[in-house]
Every structure is written in structure tokens, then in C-alpha cells.
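Visitor: Prediction below, plus the sequence it came from.
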Amino acid sequence: MDKEIYSIEGIDIEVEKTDKTDADAVRRKMAYAFKMIRAQSGMNRKDFSAWLGIPYRTMQEWELGRRAMPEYVLRLIAYKVQMEKERGNL
């Protein structure tokens, strides 16, 4: 399968190329990107949700791709993780 690099606020995530006719592809891509951003933080779901102040269930639904996450939220979370890593807090 073909891969592409999805870059979010300085965090590069390798994802599968998707068919443009696949309506769920964007939601799955965002879910995978969110999961990879959380993995870069080194936290589990519970700790990550507490750190961000996002309800656990909401974050779980985003990560599993059951609910669509607004792209601006993904970018803000990626930015926060990147800045905290640069500061040595993660």
C-alpha cells in the first residue's frame, strides 16, 4: 500500500494513502494521527485526557474513529505536545 506523510504542527505521521471516494477516510486518518500524537507524548489514554482536560470518553471516541475530531483541535493538541517536548516537560 502507498504511504504518505501527514505533517501536523511539526509532527510527521506516516499514513496510508486513501481513495478520495472513501467518505470515512478523513475520519480514520485523523483518528490515526491523534493516536500517534498521543504515543509521542508517552502517555496512556487516561493520563493524556487528564493532561489535556478532555473527557476520557470523548478522546477515546476520537482515537477509535467513531467521532470526527475537528482538525483545528488536532492541530492544537499536536502543537501542545510538540512545545512540551521541546521544553523537556514530556
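Guide: Perfect, thanks for sending it.
Visitor: from here on, contacts and neighbour counts on C-alpha atoms
Guide: Fine.
Visitor: Touching, R67 and M59? I think so.
Guide: No - taking contacts as Cα atoms under 8 Å, R67 lies outside contact range of M59: 9.2 Å.
Visitor: Show me which of those two is the more surrounded one.
Guide: M59 (21 against 15; other Cα atoms under 10 Å).
Visitor: Nearest residue to that one in space, please, no chain neighbours.
Guide: The shortest distance from M59 to any non-neighbouring residue, by Cα to Cα, 6 or more residues apart in numbering, is to S49 (6.6 Å).
Visitor: Can you name the residues that contact the residue most central in space within the chain?
Guide: Centroid-nearest residue in the chain, with Cα atoms, centre = their mean: F34, separated by 1.3 Å. Residues near F34 by Cα atoms under 8 Å, 6 or more residues apart in numbering: 62-63, 74.
Visitor: same deal with V26?
Guide: Here V26 is in contact with no residues (criterion: Cα under 8 Å, 6+ apart).
Visitor: Please give the element, helix or strand, for it.
Guide: helix 25-41 (DSSP states H and E).
Visitor: Buried ones in that helix, by neighbour count?
Guide: 25-38, 41 (16 or more other Cα atoms under 10 Å).
Visitor: so which pair among those is furthest apart in space?
Guide: A25 and S41 (24.6 Å; Cα to Cα).
Visitor: Torsion angles phi and psi at the residue nearest to G10 when sequence neighbours are not counted?
Guide: With sequence-adjacent residues excluded and distances taken as Cα to Cα, 6+ apart, G10 is closest to Q82, at 7.3 Å. Dihedral angles of Q82 (phi, psi; degrees, to the nearest 10) stand at phi -60, psi -40.
Visitor: My read is that Q82 contacts I11, right?
Guide: Yes - using Cα under 8 Å, Q82 is in contact with I11, at 7.4 Å.
Visitor: what about these two, which has more around it?
Guide: Ranked by neighbour count (other Cα under 10 Å), Q82 and I11 place Q82 first, with 20 against 17.
Visitor: Could you measure from that one over to R28?
Guide: Distance of Q82 to R28, given as Cα to Cα, to the nearest Å: 22 Å.
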